[in-house]
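Participant: Provided below are the primary sequence and the corresponding predicted coordinates.
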Amino acid sequence: MSVIVLEDAIKRYQTGGEVIDALASVDFRADRGEMVTIIGPSGSGKSTLLNMVGLLDTPTAGRVRLNGRDVTDFSTDELTEERRSDIGFVFQDYHLLPMLTATENVELPTMWDTEVDRRDRAVELLNRVGLSDRLTHKPPQLSGGQRQRVAIARALVNEPDVLLADEPTGNLDQDTGATILDELTRLKKSENIAIVAVTHDEQLVEYSDRVVELVDGSLNT
Amino acid sequence: MSRRHPLRRFPSVLMAWRNLGRNRVRTALATLGILIGVVAIASLGMATAAIQQQATANLEGLSNEVTVSAGPDNPNDGISAEQVDDIERLASGATVVPERSNVTTLSSRNGAETRVSVTALTKADAMYNISRGRISNRFRSGALLSQADARRLGIEVGDPVTYDGKIYRVQGILSSSQGLGGQRRVLVLPLSSMDDQNYYDSVTILTEPEQSVQALTANIESSFNTADEDIVRVRNFASVQQNVGSFLSTLRLGLLGIGSISLVVASVAILNVMLMSTVERRGEIGVLRAVGITRGEVLRMILTEAVFLGIIGGVLGVVVSAGIGVVLFEFLVGSPANAFRWQSVQYLLYGMLFAVAASAISGLYPAWKAANERPVEALRD
């Protein structure tokens, strides 16, 4: 069964009397253990699609299913809960909080669940991405590759079913990018999660199990 | 493994604390604003408490006094001995002190001169407190002199003073705080020094605690005076005390109002600081929301930051105000420890509560705004 499914998803914006279809009737799915990469020119609707898959945005029409459940009409707070329990995010700019240590940054998504202590898992994840000696460092003390690995650990702390990566290698050099992609490939198997990435990076495409191209809001598979 | 942060159980508090640490200058300035507001409220409140305490202490000495003097329709030039007997009967049990008074010029050996009023009476011990020397309970000889004049003329206990050609030896120096007329310049002599006067200039009645000053005043007035004849004039300080009390209440309200304005200004500063810092962290808050932190949790976090500013500023303000209070009470009341009586220490509490409440209210809008931003838009830029 697919982890995340978009059925006939349409996203329509109204800008100054003009109606724009950012997504025009898109069908998309991602399964456990696979890395799906979305490519396409700027403005083709990649980010809109990723936001939809990440439950950060809802479609104007069509359905969104997470683990078989229809979440299209969930409220803001219900969608937040779904993101917290089932989805992990990795951003191009890492978006770590500068005043928190690496471990605290990894714990962040579960920080407000005071009854479950995810510290051990956070430390284990940081060990797994090779940062066992950087646990108490703060982001400004880390290199770009290290920061992105902290971000990946953060995306996994809640044991998600799907990990979304928006240009995960965009700010990294070729070699660092490769190690990050190796990391993601390993985690995809060991954690049995679906990875959905958006990129311009050819290198990332090589690591993908499946590539879909978005042109003017429509998918070419 | 790294140690768990002690605040980890209170994520909003931990996050708020870390966020405030990021821009220390801004945090310090916002805190300073609150501090000034709290100091304004608390120290103005404590100042009125100090003034009130001093006024009460001063008036207390007068609150049991009723003074009788000749009224405009009195046939004599004062109160006669028979009238004093009548008063003594009416004020059964109270201490009745008839006085004669005059004015004289005292001179010292080194040629300094000063003009003082002279009071002649018998029961000096009931009327005065002394700081040096002694008062005999039957005041038949000797003299008492106010501190200011004794100092000015260089007169010590045992030195002679001359009045009306007779020499009196100074037995005691009056203590400086003697009711409202604390610094009154007076020479107190035995009643016999003015035996040439037939009448008394005034009669002071010192009532017993169970006696009503108002009732006694009315009683004396009704037995001496008629509707159109004022033989005697009777005064007491109960109404003065009431007037002073209500004046001080008004003063306190006015001063607290002024103090509150500065705290309102400080809370506007907090509003500004919180608004700026949430706008700056828009993307960050978007990330929090994206990774599953709820709107309520974001709201709590930012509200906690604002309340922290209020608590830090409030605590520092209370410490500074307590210091100011001690100085105020030292100067106005002469007893710094009185600053920590409830009457004045309550203003520290009000200042603190006001600071926390004002900060929380100022934090509400920025917190609400940050929490309700859509993560998609916050992350876009």
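Facilitator: Right, received. Where do you want to start?

Participant: In chain B, which residue sits closest to chain A?
Facilitator: Of all residues in chain B, the one sitting closest to chain A is B:Gly292 (2.5 Å; Cβ to the nearest Cβ). Where you see a C-beta, it was placed from the backbone N, CA and C, and this is true even at glycine.

Participant: Find the residue closest to that residue in space, skipping its chain neighbours.
Facilitator: Using Cβ to Cβ, 6 or more residues apart in numbering or on different chains and skipping residues adjacent in sequence, the residue nearest B:Gly292 is A:Arg84, 2.5 Å away.

Participant: and A:Thr176, how many neighbours?
Facilitator: By other Cβ atoms under 10 Å in any protein chain shown, the residues close to A:Thr176 number 17.

Participant: can you check B:Ser107 too?
Facilitator: 12.

Participant: Test my guess that it contacts B:Glu113.
Facilitator: Yes. With contact defined as Cβ atoms under 8 Å, B:Ser107 reaches B:Glu113; the gap is 4.7 Å.

Participant: circling back: who are the contact partners of the residue of chain B closest to chain A?
Facilitator: A:Thr80, A:Glu81, A:Arg83, A:Arg84, A:Ser85, A:Ile87, A:Pro109, A:Asn158 (Cβ atoms under 8 Å, 6 or more residues apart in numbering or on different chains).

Participant: Could you report the separation of it from A:Trp112?
Facilitator: 9 Å (Cβ to Cβ, to the nearest Å).

Participant: And for B:Leu14?
Facilitator: B:Leu14 is 10 Å from A:Trp112, by Cβ to Cβ.

Participant: again with B:Thr119
Facilitator: Applying Cβ to Cβ to B:Thr119 and A:Trp112 gives a distance of 79 Å.

Participant: Which one of these two is surrounded by more residues?
Facilitator: Neighbours per residue (other Cβ under 10 Å) separate B:Thr119 from A:Trp112, with B:Thr119 holding more: 25 against 19.

Participant: just the strands in the stretch 101-250 of chain B please.
Facilitator: Assigned by DSSP state E, counting those that start in this stretch, the strands in the stretch 101-250 of chain B fall at B:113-121, B:130-133, B:143-146, B:160-163, B:166-174, B:186-190, B:202-206, B:232-236.

Participant: ugh, wrong one, I meant chain A
Facilitator: For chain A, the strands defined by DSSP state E cover A:2-15, A:18-31, A:35-39, A:61-66, A:69-70, A:87-90, A:162-166, A:194-198, A:210-215, A:218-220.

Participant: Now do the first one, average pLDDT.
Facilitator: Meaning strand A:2-15. For strand A:2-15, mean pLDDT is 91.

Participant: and B:Asp73, what does it touch?
Facilitator: Counting by Cβ under 8 Å, 6+ apart, B:Asp73 has contacts B:Glu229, B:Asp230, B:Ile231.

Participant: So the second one sits against B:Ser69, correct?
Facilitator: Pointing back at B:Asp230 there. No. With contact defined as Cβ under 8 Å, B:Asp230 and B:Ser69 do not form a contacting pair (10.7 Å).

Participant: In contact with B:Thr114, which residues?
Facilitator: Listed by Cβ under 8 Å, 6+ apart, the contact set of B:Thr114 reads B:Thr105, B:Leu106, B:Asp149, B:Arg152, B:Leu153, B:Arg185.

Participant: Kindly report the residues of chain A close to chain B.
Facilitator: Taking Cβ under 8 Å from any Cβ of the partner chain as the measure of proximity, chain A contacts chain B at A:51, A:54, A:56-57, A:76-77, A:80-81, A:83-85, A:87-89, A:91, A:95, A:97-101, A:103-104, A:108-109, A:111-112, A:114, A:117, A:119-120, A:123, A:135-136, A:154-155, A:158.

Participant: List the residues that contact A:Gln146.
Facilitator: A:Gln146 neighbours (Cβ under 8 Å, 6+ apart): A:Leu131, A:Arg134.

Participant: Buried among the contacts of B:Thr114? Make that a ChimeraX selection.
Facilitator: Those of the contacts of B:Thr114 that count as buried under 16 or more other Cβ atoms under 10 Å in any protein chain shown are selected in ChimeraX with:
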select /B:106,149,152,153,185
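
Participant: From the contacts of B:Thr114, which land in helices?
Facilitator: B:Asp149, B:Arg152, B:Leu153 (DSSP state H).

Participant: give me the low-pLDDT residue ranges for chain A?
Facilitator: For chain A, the stretches flagged by pLDDT under 70 are A:221.

Participant: where does the stretch 101-250 of chain B dip in pLDDT?
Facilitator: B:176-183.

Participant: Try it again at 80.
Facilitator: B:108-111, B:136-138, B:176-184, B:238-241 (pLDDT under 80).

Participant: Quick check: residues of chain B near chain A?
Facilitator: B:1-2, B:4-5, B:8-12, B:14-15, B:18-19, B:21-22, B:283-284, B:287-297, B:375-376, B:379.

Participant: All the helices of the chain, in order from the start?
Facilitator: Since you didn't name a chain, this refers to chain A. Under DSSP H, chain A gives helices at A:46-53, A:76-86, A:102-107, A:119-128, A:144-156, A:174-190, A:202-207.

Participant: Switch to chain B, please.
Facilitator: B:11-22, B:24-60, B:81-90, B:124-127, B:147-153, B:213-224, B:238-280, B:282-290, B:295-332, B:342-371, B:375-380.

Participant: quick revisit: of the contacts of B:Asp73, closest to B:Val273?
Facilitator: Taking Cβ to Cβ as the measure, B:Asp230 is the one of the contacts of B:Asp73 closest to B:Val273, at 68.0 Å.

Participant: Would you write a ChimeraX line that selects the buried entries of the contacts of B:Gly292?
Facilitator: Remark: buried members of the contacts of B:Gly292, expressed as a ChimeraX selection using 16+ other Cβ under 10 Å:
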select /A:80,83,84,85,87,109,158
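
Participant: now the contacts of B:Gly292 in a markdown table, with distance to B:Asp159?
Facilitator: Formatted as a markdown table, the contacts of B:Gly292 follow (distance: Cβ to Cβ, whole Å):
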| residue | distance to B:Asp159 |
| --- | --- |
| A:Thr80 | 90 |
| A:Glu81 | 93 |
| A:Arg83 | 94 |
| A:Arg84 | 91 |
| A:Ser85 | 95 |
| A:Ile87 | 98 |
| A:Pro109 | 89 |
| A:Asn158 | 93 |
